[in-house]
Structures are given as structure tokens and as C-alpha cells.
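S.K.: A predicted structure for the sequence below; I have some questions about it.
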Amino acid sequence: MAHVELSLTEAFVPAPATSTHESDSFSRWVGTVSAAAEPCLVIDVHTIVSAVSRSCCTLLGLGSPAEAVGRPLLDNGLRLLDFTAARAELSEQEAEKIPPLLAISSQRLARGLMRVATPAVGDPDATVDAIAAPLLAADGSVAGSLTFLSEV
């Protein structure tokens with residue numbers, strides 16, 4: 001007969017942080033995204049762009065990061081199209097379901113494809129896979145979302 005020996009130990013609980021810096025995920029991600037090489041962005045709970053990488057601005061046609069930060073994501077030159085042959089712009093109701101906004105409203109991870117019109121005439125539209133996660137404030141409430149994008 002086999003012999004099995006078990007032991008239980010107390011879980012390690014780290015001491016609370018005593019830093020004077022704000023300890024919410026939203027603030028930490030703003031700094032990280034601003035310097036990121038990957039296409040990513042952070043929006044606040046009011047859908048204002050708080051941080052965006054240069055590669056994300058290029059992919060979504062948002063201009064430069066300095067131009068995009070502080071403006072609403074959907075009023076920032078971002079043109080979202082449906083997946084029909086007609087390439088119609090998404091209605092406001094449909095646009096609210098894109099992953100960066102859905103992660104805030106549902107308070108859950110959101111993933112989906114977006115079709116983005118490119119700013120240059122004659123360039124093909126970009127199809128983008130977006131994965132968004134809600135970001136929490138220090139009090140546990142949703143403060144915004146973090147989205148990583150990849151062109152398909």
C-alpha cells in the first residue's frame with residue numbers, strides 16, 4: 001500500500017505597502033503603457049484616453065500620443081466600421097460594445113475584433129483583435145480599462 005504524507009503551512013501574507021505612491025492598478029498601467037512598444041491603451045471610466053502607445057496611435061489612426069491623451073476615445077478620430085461589404089460606421093450603440101468600453105461597463109475581461117478605417121485614402125482598413133481588462137482604483141471600483149491590440 002502506498003504511503004502519502006501531507007503537510008499544511010500557513011499562507012504567506014505580505015506586509016501592507018507603506019509607499020506614499022498611489023497603489024492602484026490604473027495609475028501603474030498609465031506609466032507602463034506610455035512607454036510600451038506594443039499597441040496598447042488605457043482609458044478612464046469616462047472613456048477619456050489616459051495613456052496610449054505610439055504603435056497603438058499608428059494602428060488606430062489617432063495621430064500622436066500627445067494628441068490622443070485627454071480626449072474621448074470615440075471622438076479621437078477613431079473610425080470603427082462594421083464587417084459588412086458596405087463598411088458602414090458603427091452606431092453609438094454598437095460602438096459601446098467594443099472591448100475597451102465593454103470591459104468598463106461589464107467589469108470583466110472583454111475580447112473582440114474591431115474594423116478600423118485607416119486615415120490615409122486608399123489604404124486598406126485594419127482588422128484588430130482587442131483584449132481589454134478593467135482596471136481598479138485603490139478602493140476596488142472600476143477606474144478604466146487596459147487594452148492590448150494586435151492587427152489580424
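M.R.: Sure thing, it's come through. Numbering: from 1, shown residues only.

S.K.: longest helix anywhere in the protein?
M.R.: Longest helix of the chain, by residue count under DSSP state H: helix 25-34.

S.K.: Can you name every helix or strand that it contacts?
M.R.: Contacts defined by 3 or more Cβ pairs under 8 Å, 6 or more residues apart in numbering; DSSP states H and E place helix 25-34 against strand 40-44, strand 49-52, strand 126-136, strand 142-151. For every residue, glycine as well, the C-beta is placed using N, CA and C.

S.K.: Export these as JSON lines, with columns for distance to residue 30, mean pLDDT and mean neighbour count.
M.R.: Listed next are those as JSON lines, based on distance: least, Cβ to Cβ, whole Å; pLDDT from 0 to 100; neighbours: other Cβ atoms under 10 Å:
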{"stretch": "strand 40-44", "distance to residue 30": "5", "mean pLDDT": "97", "mean neighbour count": "25"}
{"stretch": "strand 49-52", "distance to residue 30": "4", "mean pLDDT": "98", "mean neighbour count": "25"}
{"stretch": "strand 126-136", "distance to residue 30": "9", "mean pLDDT": "95", "mean neighbour count": "20"}
{"stretch": "strand 142-151", "distance to residue 30": "9", "mean pLDDT": "96", "mean neighbour count": "22"}
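
S.K.: In a markdown table: those, plus distance to residue 116.
M.R.: Listed next are these as a markdown table, based on distance: least, Cβ to Cβ, whole Å:
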| stretch | distance to residue 116 |
| --- | --- |
| strand 40-44 | 13 |
| strand 49-52 | 14 |
| strand 126-136 | 5 |
| strand 142-151 | 9 |
